[in-house]
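Q: Sequence first, predicted coordinates after that:
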Amino acid sequence: MAEIELRKLTIEFGAFKAVDDVSLTVKNGEFVVYLGPSGCGKTTTLRCIAGLTRATSGDVLFDGQRVNDLTASQRNIAMVFQFVSLYPHMTIRENIVFPLKARGVPSAEITRKLDWVTGIFKLGDELRRYPSALPPGARQKVALARALIRDPAVLLLDEPLSAIDEQFREEMRWELGHLQRQLGVTTIYVTHDQREAMSLADRIVLMNNGNIVQVSTPNDMFFEPVDIFAGQFIGSPSMNLIELAPVVGGLRLGTSNAVLTPQNHAVPEWAVASRRPLRLGIRPHNVHLVDSDIPGFDIPVDSVFGIGREKFFTFTIADTICQGVDQRSRPDGTSGKVRFDPAGLLFFDAETGRRVTGETVL
Amino acid sequence: MTVMLHLKGLKKTYSGKPALRGLNLEVRENEILALLGPTGAGKSSTLLATAGLVKLDAGRVHLAGTDVTGAEPASRDLAIVFEGFNLLPVLNVRDNIAFALRSPAFREDEAEIARRVGHTAELLRISHLLDRDVETLSGGERQRVAIARALVRRPRMFLLDEPLSALDLKLREGLRAELRHIYRQQHSTMLYATHDYHGAIAIAHRIAVIDGGVIHQTGTIDEIFARPADMTVGRLIGSPSMAFLRGHVTEGAVSIEGSPQKISPESFGRVEAAGGELVVGAWPEDIELVSPEAEGANAGTVYAVDNRGLDRAVQVNCAAGSFRKVIPRELDLRQDDRVGFRLPPGKIFLFDAATGRRISQLEDGRG
């Protein structure tokens, strides 16, 4: 197990900067998830930590030791890829112990380790079978067992669940979360799926265009996004984004008649006084459709639909379809008023996309 | 309430592997019915059989009261939107949408075609794409064009297959939004196949739970929550899905394995004798988490925590099995923590493990 540090890491492919001056420390035993759209540089970063891609400049350190010049096999890492690569002509048992055999580990030690991973991954009956006889999810479990059997300093996972059937993927996510905490192995995980990142991570590293957008716990990522990109990338259904127009004493939502004010929505004075154009970000769970006799805005509601035991509704402001949660006592039809939860109001600079708070304005 | 589609006893076997095993289903006019089931449940076969694109081994297909079992696919007047979009790459968006209107069977005059294509493109917000080649479109745009092509004909019914892969999550959410939008405008009848519970409840009026080539239950989500037909339904409905715990009857009361909580049999309504082992089922929302020291609480351990943003879910393992439940963010539970839980009498169900059938609350009228 190890602490991993990236120091001013830059990786270029020709003129293209895949990773641009990235610094980050992953603590011993931590579960860090690199999240971002395809092409954001997350996999390139992972491959550089693994020793599969060279840094153009900057350093990679394992427990304070610079490893830039070590090959992948010298770094004591274990890596699992999206598409499982098991040896088809070997049984599951042979596949799992292969890394130990290849290093000439004594057979008593191999048996002990095999018992250990078999217990953890609950692989009893599968050991004598061949990879082709297992469903893809189970094969990925074998790949993980093979990765962990030799006590790697760090476990690197590149979209390990995305090629697995949806039903099995959720099961594997629960198992992976449990195992990582049980074993305490430093883990770096790459995914484009915000749901996986939120679920598994101690900290999320959100990337876009080769740069780190935000590094924080899943909770902070959700409630304190640094910009519009972070706000919209995290959470499903997506955060609503509404243009704000300054009017006397408040902020009007798009071209509607609804005006947010310090009185009706505890809008901070700095936001009302802001000279820069602002946009409002608010998550669907902070927008409510309420009974007509409760204070709120008369915004026409387009539709109401259920998700589980929750009812959602949609409304349109300035050509943008927004979503909220129906909280009426008798949820039929589309009559009601729209209320915004003051605690959920996020303000963004309309030009830069950066989040604006009372502190950043001052 | 008119029945638009009635499938009666459909059977279909592909080279020895049964896909449909006597499937019955009714889709009402002007409703969106979600066909919810895992991969391999028989969803695609059901859509293909409805469209007349596979030859059935047995069973009848009725459309708007007419038996169309042997009828040509083209004569059924259905629109199919499958994964993969099947757009014609050599044509631009306008000609792709107009394609069906120019077919020999449904030939319309060009002025009418232009009017309908324009209207449909507007509805799906793709007017600005009409002159583009389909190869230059993004995934979401292609999907909208595919829907437009289906929609332009005003078919009697839509058959839709939701994209499967995780990479298409945004696409899937987009598709659902489009369908709701279309439904509001036209109140079309839709049969919507999905393996995703969220997908089903996000757009459907009713849900048909399919597995193993048969329908296990059809109803509104509230009806299914109130009276799940069997364990398969419990496993496929809910997020997280239903908790199943091994139970038994001792001293005239129901308990789960290794638990002090005794639940009076009266709270289960009329109960049929189980042929096999007894399984106690509860919707996670109804399970009450309490301190491990609380009076009469069942003992459990947190196996793993799943952060979901607004809230979190935990998996609790106990002697009788395990369950998953959403908890508020303020409740700071961590892996390996001990917890107590209680099953609320009157809100839990008994199942026969051998058959999976629900054997409690057999009367009507329970909320």
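A: In hand now; what should we look at? What you are looking at is a predicted structure, and each value in this text was computed from that prediction instead of being measured.

Q: Enumerate every residue touching residue A:197.
A: Residue A:197 makes contacts with A:33, A:35, A:189, A:191, A:204, A:218, A:234, as judged by Cβ atoms under 8 Å, 6 or more residues apart in numbering or on different chains. To be clear about C-beta, it is placed using only N, CA and C from the backbone, and glycine gets the same treatment.

Q: show me where pLDDT drops low in the stretch 51-200 of chain B?
A: Scanning the stretch 51-200 of chain B for pLDDT under 70 picks out the ranges B:83-85, B:106, B:163-172, B:174.

Q: Could you turn the buried ones of the contacts of residue A:197 into a ChimeraX selection?
A: The ChimeraX selection below is limited to those of the contacts of residue A:197 classed as buried (16 or more other Cβ atoms under 10 Å in any protein chain shown):
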select /A:33,35,189,191,204,218,234
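
Q: what would the contacts of residue A:197 look like in TSV with distance to residue B:184?
A: Formatted as TSV, these follow (distance: Cβ to Cβ, whole Å):
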residue	distance to residue B:184
A:33	38
A:35	34
A:189	41
A:191	35
A:204	37
A:218	35
A:234	29
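
Q: Show me which of the contacts of residue A:197 is closest to residue B:102.
A: Distance to residue B:102, by Cβ to Cβ, is smallest for residue A:191 among these, at 44.9 Å.

Q: Farthest pair within the contacts of residue A:197?
A: A:189 and A:234 (15.8 Å).

Q: Number of residues surrounding residue 80?
A: Looking at chain A here, since you left the chain open. A count of nearby residues for residue A:80, using other Cβ atoms under 10 Å in any protein chain shown, gives 20.

Q: You answered for a different chain; I wanted chain B.
A: Counted with other Cβ under 10 Å, the neighbours of residue B:80 add up to 20.

Q: which stretch of helix or strand covers whichever residue of chain A sits closest to chain B?
A: Going by Cβ to the nearest Cβ, chain B is nearest to residue A:178 of chain A, at 3.9 Å. Secondary structure from DSSP states H and E places residue A:178 in helix A:166-183.

Q: Tell me the gap between that helix and the middle of its chain.
A: Mean-position distance between helix A:166-183 and its chain equals 15 Å (Cα atoms, centre = their mean, to the nearest Å).

Q: What residue spans form the domains of the chain?
A: No chain in the question, so chain A it is. With domains defined by automatic domain parsing, chain A comprises A:4-228, A:240-361.

Q: um, chain B though
A: As given by automatic domain parsing, the domain ranges for chain B are B:3-226, B:231-352.

Q: which residues does residue A:26 bridge with?
A: Following DSSP bridges, residue A:26 is listed with bridge partners residue A:4.

Q: Residue B:21 - how many residues pack around it?
A: Neighbours of residue B:21 (other Cβ under 10 Å): 15.

Q: who does the stretch of helix or strand residue B:118 belongs to touch, helix- and strand-wise?
A: Residue B:118 is part of helix B:110-123, with elements assigned from DSSP H and E. Applying 3 or more Cβ pairs under 8 Å, 6 or more residues apart in numbering or on different chains; DSSP states H and E, we find helix B:110-123 packed against helix B:93-98, helix B:139-151, helix B:169-186.

Q: can you tell me which of the ones you listed comes nearest to chain A?
A: When the helices and strands packed on helix B:110-123 are ranked by proximity to chain A (Cβ to the nearest Cβ), helix B:169-186 comes first, at 5.7 Å.

Q: Name the surrounding residues that touch the closest one.
A: A:193, A:236-237, A:302-303, A:305, A:314, A:321, B:32, B:123-124, B:139-140, B:143-144, B:147, B:151, B:154, B:160, B:162-163, B:188, B:190, B:192, B:196, B:199, B:202-203.

Q: Restricted to buried residues, select those in PyMOL.
A: Here is the PyMOL command that selects the buried residues among the contacts of helix B:169-186 (16+ other Cβ under 10 Å):
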select buried, (chain A and resi 193+236+237+302+303+305+314) or (chain B and resi 32+123+124+143+144+147+151+160+162+163+188+190+192+196+199+202+203)
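
Q: Mind putting the domains of chain B into TSV with distance to residue A:247?
A: Below are those laid out as TSV (distance: least, Cβ to Cβ, whole Å):
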stretch	distance to residue A:247
domain B:3-226	29
domain B:231-352	31
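
Q: can you tell which of those domains is closest to residue A:109?
A: Counting by Cβ to Cβ, residue A:109 lies closest to domain B:231-352 out of the domains of chain B; the figure is 28.3 Å.

Q: Please export the C-alpha coordinates of the helix holding residue B:118 as CSV.
A: C-alpha atoms of helix B:110-123 as CSV (Å, rounded to 0.1, in the frame of the first residue of the first chain):
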residue,chain,number,x,y,z
GLU,B,110,-45.2,16.0,-51.8
ALA,B,111,-46.9,19.1,-50.4
GLU,B,112,-48.5,17.0,-47.7
ILE,B,113,-45.2,15.2,-47.0
ALA,B,114,-43.4,18.6,-46.7
ARG,B,115,-46.1,19.8,-44.2
ARG,B,116,-45.9,16.6,-42.1
VAL,B,117,-42.1,16.4,-42.0
GLY,B,118,-41.9,20.1,-41.1
HIS,B,119,-44.5,19.7,-38.3
THR,B,120,-42.8,16.6,-36.9
ALA,B,121,-39.4,18.1,-37.0
GLU,B,122,-40.7,21.1,-35.1
LEU,B,123,-42.2,18.8,-32.5
